[in-house]
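**Q** Quick one: sequence and predicted model below, then my questions.
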Amino acid sequence: MTIQVSNKLQVKDFITLGVLNAVFTVIFILLTVVVGIFPITGIFAPAIAAIPLGVVFILLMIKVAKKGTLAVSGVLQAAILFLLSGSWTFVVAVISATLAGELIVGGSYKDFHRVTISYIVLICGYALGSFAPIVFFTESWRTASIAGGYNASYVNAFTEILNGPILLGIVAVSALGALLGAILGRKMLKKHFLKAGVIS
């Protein structure tokens, strides 16, 4: 008798996705807060966060490895980010990036190269979601940030640093951080997760 293994997300998969995506998003926010103490370091927050987050992402992809893994992750991450930051740009950027990643992976969730590219796209989405509003909607972002309690000089420092070319540089550095994170995730996967039985 042959046992059919469903490729559809089950209840336990949604639980796993919920937990790992919550961990992913909270780590991102915590590192952003720490690194963002100074505007000059804050612009590299997505790139820096991408390195440890690569471990969570690779674990998530390999452990669940079913159609819709990335799409559901995008919705969960966007929802958490919106609740904590109120930023609609995060919602658009993260969901768009994960949908694009779903197409890139094409169901091959254990193909490291495809998964790595999808992770790079996701982190670039985080970078754009974080900083595109400062570049393209400067005054409304400045007004909302000051009204939200941020120091005016801190807000102004961000607007002075960021422009179109700098944003492209941030995205490029974020892509590099994501690549390093994916490589770290793969090494952790082989060295620890398999041995510990976290994944089979």
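**A** Alright, I've got the coordinates.

**Q** going forward, measure contacts and count neighbours with C-alpha atoms only.
**A** OK.

**Q** then stretch 122-135 to PDB, C-alphas only?
**A** Output in PDB follows, covering the C-alpha atoms of stretch 122-135 (Å, rounded to 0.1, in the frame of the first residue of the first chain):
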ATOM      1  CA  LEU A 122      12.600  39.100   0.000                       C
ATOM      2  CA  ILE A 123      15.300  41.000   1.700                       C
ATOM      3  CA  CYS A 124      15.400  43.500  -1.100                       C
ATOM      4  CA  GLY A 125      11.700  43.900  -0.600                       C
ATOM      5  CA  TYR A 126      12.400  44.600   3.100                       C
ATOM      6  CA  ALA A 127      14.900  47.300   2.100                       C
ATOM      7  CA  LEU A 128      12.500  48.900  -0.300                       C
ATOM      8  CA  GLY A 129       9.700  48.700   2.200                       C
ATOM      9  CA  SER A 130      11.900  50.400   4.800                       C
ATOM     10  CA  PHE A 131      13.400  53.200   2.800                       C
ATOM     11  CA  ALA A 132      11.500  53.900  -0.400                       C
ATOM     12  CA  PRO A 133       8.900  56.100   1.400                       C
ATOM     13  CA  ILE A 134      11.700  58.300   2.600                       C
ATOM     14  CA  VAL A 135      13.000  58.800  -0.900                       C
END
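
**Q** any idea of the mean pLDDT in it?
**A** For stretch 122-135, mean pLDDT rounds to 93.

**Q** which residues sit against that stretch?
**A** For stretch 122-135, the external contacting residues (C-alpha atoms under 8 Å, 6 or more residues apart in numbering) are 43, 46-47, 50, 89-94, 96-98, 101, 141-142, 158-159, 162-164, 167, 170-172, 174-175, 178.

**Q** For the helix or strand in which Ala178 is found, list every residue counted as buried.
**A** Assessed by DSSP states H and E, Ala178 sits inside helix 164-188. Under the neighbour-count criterion of 16 or more other C-alpha atoms under 10 Å, helix 164-188 has 167, 170-186, 188 buried.

**Q** do the same with stretch 149-169
**A** Neighbour count says stretch 149-169 has 155, 158-159, 162-163, 167 buried, by 16+ other C-alpha under 10 Å.

**Q** okay, those in JSON lines with pLDDT and distance to Gly148 next?
**A** JSON lines is the format used below for these (pLDDT from 0 to 100; distance: C-alpha to C-alpha, whole Å):
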{"residue": "Val155", "pLDDT": "90", "distance to Gly148": "11"}
{"residue": "Phe158", "pLDDT": "88", "distance to Gly148": "15"}
{"residue": "Thr159", "pLDDT": "90", "distance to Gly148": "16"}
{"residue": "Leu162", "pLDDT": "89", "distance to Gly148": "20"}
{"residue": "Asn163", "pLDDT": "87", "distance to Gly148": "22"}
{"residue": "Leu167", "pLDDT": "93", "distance to Gly148": "23"}
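
**Q** Out of those residues, the closest to Phe112 would be?
**A** Using C-alpha to C-alpha, Leu167 comes nearest to Phe112 of the buried residues of stretch 149-169, at 27.7 Å.
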